[in-house]
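Undergrad: Quick one, fold the following:
(2 chains, ligands or ions: 2)
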Amino acid sequence: MKKIDRRKFFKGLVYSLVSLEFAYVFFRLLKLDKTALDETNYYEAGDISFFEKGRVYPFSSARFFLYCLDDGGFIAVSSRCTHLGCIIQFNADHDRFECPCHASAFEKSGEVIMSPATRALDYYPIAFKGDKVLVDNSRPCRRSKFDQSQVMYV
Amino acid sequence: MKHPSMAKAINQFLLHLHPKKVESRAIVFNRTFGFGGIAALLFVILFVTGMLLRFAYVPSGAGAYDSIVRLQNQVIFGQLLRNFHYWSAMLLVVVSFLHLVRVFYSQAIYYERRKNWLYGLLLMFFVVSSNFTGYLLPWDQLSFWAVTIMTNMLSYIPLVGNFLANMIRGGEAVTEETLLRFYNFHTGLLPLLMVFFMAIHFWLVRKAKGVAIAPAEKSEKVDTSPNLVYKEALTALVVVAVLLLFSFFVDAPLLDKAKPLVSPNPSKAPWYFMGFQELLMHMHPAFASFLIPLFVIELFIVIPFLPYPKVNEGVWFFSEKGKRITILSAVFTIILTLLLIFIDDLLLDFNHWFPGLPVLITEGMFPVLLYFLPAGGFIFYLKKKMQANRMELVIASVTMILVAYLVMMFVGSFLRGEGMQLIF
Ligand code: HEM
Ligand code: FES
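TA: Ligands and ions are numbered 1, 2, ... in the order given. Predicted coordinates for the structure are as follows:
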């Protein structure tokens, strides 16, 4: 081991601090903090009465599908595949979501049917206002599995 | 010579890179295959063509694709310029890889060359990063989805993955912000860093007294100029000529403008990352995108620092036995990897066979064991039956890693079609 005297120690300390400082400044530059701009930004999906039970409605430019369950509950699933981020499509023949990229398949609730994806599709918070269904498509919620608490009722 | 002063200037410039006299055995072409020099030449070509491309390119979501189309259709030699840059970049990845393979197998990474191996690994990282950041710039369907796939591969790294991926993209998805960021890395920071580290790299080659050659009783020194300089000039001319000719006839790909709402089927990462994508199809991401790459990188870093009973600097494959072991390991790995890829695709479904177990075991441990048990058995066989020493075992392991990656890259790129299903 080389001996470290006081002078060396302080020199090293100053160098590390200065480098850290620069690293941090650069890092903040890359990590533009957008949380300040983020306000809940509800997307109006349509009249509650319009949606039929058991069907899936695509909102492709807003990047979600609205699924109206058989019991009348709603869940908004993200169209972004949890495998590597491709955009899934609804396959009406198979009655499930399918990813074009590497063939993952998902239940209408977002649950994985076929790998390579290992995690259920993200879902978005839903609110009901008057007779409208509103979807907060700025805040995807990660989940590993589907469970009943993610379904919203009027 | 017609212009003696010019010749002198060129020679003197080159003598800043080379010593005045070199070992005659060091400049035989198949000592280095000129890979390092070709990489340096490609870097210069990329620098010049890149500077020119910057005049035509608009780094914004709305303008990028159209500026490329305009360059190709309306600028004289615009298409050629783009092709030349594109194919040089692809070749640089290939040549850097071959260079790495060359220095490893010719035992040129030990003792005073250790440090340069590390700088070399860093340069390799920069080469791949440069290529990857440049890949996004045309902003077409190919580049948009390739970068989406690749950055999402990063997000599987435990704990920091998501953070890292978002940091690189500047958000949850690939957007215009990502484009600007990649543009700045590609045309600013990365080239600058590469010039800096290449300078160190070259300096360390000279400090180690040139490329590694086996010790011999009689060594013969010859003048660098013209002996080495002519060879370098000839190699450079051939490379430039072949690249230009290729660029005349083969256009760099350009698909439709990026459509963030429509993924093409199938979507693939850039070809040099296809090995990873293939790996991800067979095992849990914690292994495929984190533990295994970490293990490989670590191994590559420590190779020159391990204690060896013997190093044969400059001797290809260490020994005749080393050569046989290399070939044997390559053949074994090709068979094992292909076999397991097909078996896994057609037969195995651990996740459904053991529904009670966590995926980390069914999709992680099981496939890993399935691969590493036979591979470990093979290494054991080399050690016990062939009496391989530590150096030969390291050569075998590195061969297996490199070949496995190449096989996966090949399968992912050529044998997978729609929905990433195997096509025969
Ligand atoms: C931009 C990329 C690179 C450039 C321009 C470059 C350039 C060079 C050049 C000109 C040489 C002289 C010998 C030769 O031509 O083979 C050299 C040697 C060397 N390079 Fe690289 N290189 C690059 C990347 C790498 C990589 C990726 C590695 C490996 C991790 C590496 C490791 C080495 C080592 C260990 C030597 C010494 C070889 C010997 O002494 O025989 N370099 N490099
Ligand atoms: S991105 Fe959907 S399966 Fe790979």
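Undergrad: Would you list the strands that the helix or strand of chain A with the lowest mean pLDDT pairs with, along with their directions?
TA: Within chain A, confidence by mean pLDDT, DSSP states H and E is lowest for strand A:42-47 among all helices and strands, at a mean of 79. Strand pairing for strand A:42-47, determined by DSSP bridges: strand A:132-136 (antiparallel).
Undergrad: Pull the distance from the strand it pairs with to the chain's centre.
TA: 16 Å (Cα atoms, centre = their mean, to the nearest Å).
Undergrad: Check what contacts the least confident helix or strand of chain A and list those residues.
TA: Outside strand A:42-47, the residues that touch it by Cβ atoms under 8 Å, 6 or more residues apart in numbering or on different chains are A:57, A:59, A:62, A:66, A:76, A:127, A:131-137. Placement of C-beta: from N, CA and C, glycine included.
Undergrad: By the neighbour-count criterion, which of the residues you listed qualify as buried?
TA: A:Y57, A:F59, A:A62, A:L66, A:A76, A:V133, A:L134, A:V135, A:D136, A:N137 (16 or more other Cβ atoms under 10 Å in any protein chain shown).
Undergrad: just to revisit the earlier point, what's next to the next helix or strand after the least confident helix or strand of chain A, contact-wise?
TA: Counting by DSSP states H and E, the element after strand A:42-47 in chain order, helix or strand, is strand A:55-59. Strand A:55-59 has contacts (Cβ under 8 Å, 6+ apart) with A:Y43, A:A45, A:G46, A:F51, A:F65, A:L66, A:Y67, A:C68, A:S79, A:F90, A:K108, A:V135.
Undergrad: Same list, those, but as CSV with distance to B:D344 please.
TA: Below are the contacts of strand A:55-59 laid out as CSV (distance: Cβ to Cβ, whole Å):
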residue, distance to B:D344
A:Y43, 41
A:A45, 41
A:G46, 44
A:F51, 41
A:F65, 31
A:L66, 36
A:Y67, 32
A:C68, 38
A:S79, 28
A:F90, 29
A:K108, 29
A:V135, 39
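Undergrad: List buried residues within these.
TA: Counted by 16+ other Cβ under 10 Å, these give A:Y43, A:A45, A:F51, A:F65, A:L66, A:Y67, A:C68, A:S79, A:F90, A:K108, A:V135 as buried.
Undergrad: ok, so of those, who is nearest ligand 2?
TA: Among the buried ones among the contacts of strand A:55-59, A:S79 lies closest to ligand 2 (Cβ to the nearest ligand atom), at 10.6 Å.
Undergrad: In contact with that closest one, which residues?
TA: A:P58, A:S60, A:R63, A:F64, A:F65, A:I87, A:I88, A:L121.
Undergrad: Recalculate using a threshold of 10 Å.
TA: Applying Cβ atoms under 10 Å, 6 or more residues apart in numbering or on different chains, we find A:S79 in contact with A:58-60, A:62-65, A:86-90, A:97, A:99, A:121-122, B:261, B:263.
Undergrad: again with A:V112
TA: The contact partners of A:V112, by Cβ under 10 Å, 6+ apart, come to A:82-83, A:97, A:104-106, A:118-121, A:144-146, B:351.
Undergrad: Show me which of those residues are buried.
TA: Here, 16+ other Cβ under 10 Å leaves A:T82, A:H83, A:F97, A:S104, A:A105, A:F106, A:T118, A:R119, A:A120, A:L121, A:F146, B:N351 buried among the contacts of A:V112.
Undergrad: re earlier: just flag the most distant two among the buried ones among the contacts of strand A:42-47.
TA: By the measure Cβ to Cβ, A:Y57 and A:D136 form the most distant pair in those, at 16.6 Å.
Undergrad: Now residue 72. Nearest residue, chain neighbours left out?
TA: If you meant another chain, say so; for now it's chain A. A:K53 (6.0 Å; Cβ to Cβ, 6 or more residues apart in numbering or on different chains).
Undergrad: my question was about chain B
TA: B:Q79 (4.5 Å).
Undergrad: Kindly report the same for B:L100.
TA: B:M124 (6.0 Å).
Undergrad: I'd like to know how many residues surround A:K53.
TA: 10 (other Cβ atoms under 10 Å in any protein chain shown).
Undergrad: Find the pair from the buried ones among the contacts of strand A:55-59 with maximum spatial separation.
TA: A:Y43 and A:K108 (19.4 Å).
Undergrad: need the contact list for residue 136.
TA: Just going to use chain A. Contacts of A:D136 (Cβ under 10 Å, 6+ apart): A:T40, A:N41, A:Y42, A:Y43, A:A76, A:Y124, A:P125, A:I126, A:A127.
Undergrad: The chain in question should be chain B.
TA: Counted by Cβ under 10 Å, 6+ apart, B:L136 has contacts B:64, B:142-144, B:146-148, B:150-151, B:174, B:178-179, B:181-183, B:185-186, B:258, B:270.
Undergrad: contacting residues for whichever residue of chain A sits closest to ligand 1?
TA: As assessed by Cβ to the nearest ligand atom, ligand 1 sits closest to A:F26 within chain A, at 23.3 Å. A:F26 makes contacts with B:L189, as judged by Cβ under 10 Å, 6+ apart.
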